[in-house]
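1. Structure here, sequence nowhere to be found:
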């Protein structure tokens, strides 16, 4: 792809998200999401292979369906209330339709089926954009919707936590595992949104850090399959020691940073007299922890065969910029001791 075209698409991604962030009108917010969608489609097809084309087609149809539903909900809300303001969406029908459309946009269960298949057909860099940046604009709109009945958010969140953990079982493709990881983490955010929006922002912040560091690690060792993780020690030994900690942080294991949002979310759910839901969410997160431990075991405790199919890579200097990875990996591992400070920043 030509540098000018590539830079134009990246700028369009930023412009679409910024438009949605800055808008208070449903039509402008919808337009920003559409700019985002149309900008990432050429990035998804830049490899020119059948799997990428298939993934792009599935992504386009899923996003087009969600966009049409969102626009219909906005028009219906304007017809019922006479308002196009994002905050003025109080009718149960339009509120539920909007929530379901945005849930499909970001891949919440049970509207998640497109997410693993699309991620499988993309390269790691485009998958990183899809897992992080593309979710910001729809999530901003979900954050501004505060329905009177939180049962829709609780149902979507709990289903996403269960499906995100259960779906990662027996997966050998890293991109599918990361897709189910994204579904589970978004479920935690949606689950707590009706009760404590600052905790949702905290969970989103930690998810972005952890996901960026894990995708960067896999891009650095150039692997997309679980079996090839066993040769990563021959490429970058230091990274091989750090990635299991990043994976366990994603699983929410103390004393790592990923434990911070889950701990606070479970505490808040208990305060809201939702102890059964908190218990079910905590037990469902054990599924996710299982496949994170499986990746950690493959990467650190498994040696490649004596006669591997390909030659082992040389320990050459990496061609990628490792400073962002170093910063995000450090924050992914070591932020738990300053929990009160982080919580004060998000609740002030």
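-> Structure received. Every value quoted in this text rests on a predicted model; they were computed, and no experiment measured them.

2. Quick check, residue 285 in contact with residue 251.
-> Yes. With contacts counted by Cβ atoms under 8 Å, residue 285 reaches residue 251, the gap being 7.3 Å. From N, CA and C alone the C-beta is placed, and that goes for glycine too.

3. Select the longest helix from this structure.
-> Counting residues, the longest helix found in the chain (DSSP state H) is helix 50-81.

4. for residue 29, what are its contacts?
-> Shown in contact with residue 29 (Cβ atoms under 8 Å, 6 or more residues apart in numbering): 19-20, 23, 86, 137, 141.

5. Inside helices: which ones of these?
-> Residues from the contacts of residue 29 lying in helices, with DSSP H as the criterion: 19-20, 137, 141.

6. and those as a markdown table, adding distance to residue 77?
-> A markdown table is the format used below for the ones in helices among the contacts of residue 29 (distance: Cβ to Cβ, whole Å):
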| residue | distance to residue 77 |
| --- | --- |
| 19 | 20 |
| 20 | 17 |
| 137 | 19 |
| 141 | 13 |
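
7. closest to residue 72 among those residues?
-> For residue 72, the nearest member of the ones in helices among the contacts of residue 29 is residue 141. The distance, counting by Cβ to Cβ, is 14.8 Å.

8. Could you confirm residue 126 falls within a strand?
-> No. Following the definition DSSP: H, G, I helix; E, B strand; the rest coil, residue 126 is helix and is not counted among the residues of a strand.

9. That one contacts residue 44, doesn't it?
-> Yes. Using Cβ under 8 Å, residue 126 and residue 44 qualify as a contacting pair, with a distance of 5.6 Å.

10. so where's this protein shaky on pLDDT?
-> For the chain, residues meeting the criterion pLDDT under 70 lie at 303-320.

11. Break it into its domains for me.
-> With automatic domain parsing as the criterion, the domains of the chain are listed as 1-149, 167-304+320-348.

12. Those domains: which one's closest to residue 157?
-> For the domains of the chain, distance to residue 157 was read as Cβ to Cβ. The smallest value, 3.0 Å, belongs to domain 167-304+320-348.

13. tell me the helices in the stretch 201-348 of the chain, going along the chain?
-> 237-250, 259-271, 275-300, 323-334, 339-347 (DSSP state H, counting those that start in this stretch).

14. Pipe the domains of the chain into a markdown table and attach distance to residue 157 per row.
-> Compiled in a markdown table, the domains of the chain are given as follows (distance: least, Cβ to Cβ, whole Å):
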| stretch | distance to residue 157 |
| --- | --- |
| domain 1-149 | 8 |
| domain 167-304+320-348 | 3 |
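
15. Can you show me the strands along the stretch 101-250 of the chain?
-> If you assign secondary structure with DSSP state E, counting those that start in this stretch, the stretch 101-250 of the chain ends up with no strands.

16. what's the distance between residue 18 and residue 332?
-> Using Cβ to Cβ, to the nearest Å, one gets 26 Å for the distance from residue 18 to residue 332.

17. for residue 270, same thing?
-> To residue 332, residue 270 is 26 Å away according to Cβ to Cβ.

18. So the two - more neighbours on which side?
-> Neighbours per residue, other Cβ atoms under 10 Å: of residue 270 and residue 332, the larger number sits with residue 332, 25 against 13.

19. Might one say that the more buried one is in contact with residue 257?
-> Yes. Contact status for residue 332 versus residue 257: in contact at 5.3 Å, counting by Cβ under 8 Å.

20. Residues in contact with both of these two, list them for me.
-> 206, 209-210, 249.

21. Highest neighbour count among the residues you listed?
-> Counting neighbours by other Cβ under 10 Å, residue 249 leads the shared contacts of residue 332 and residue 257 with 29 neighbours.
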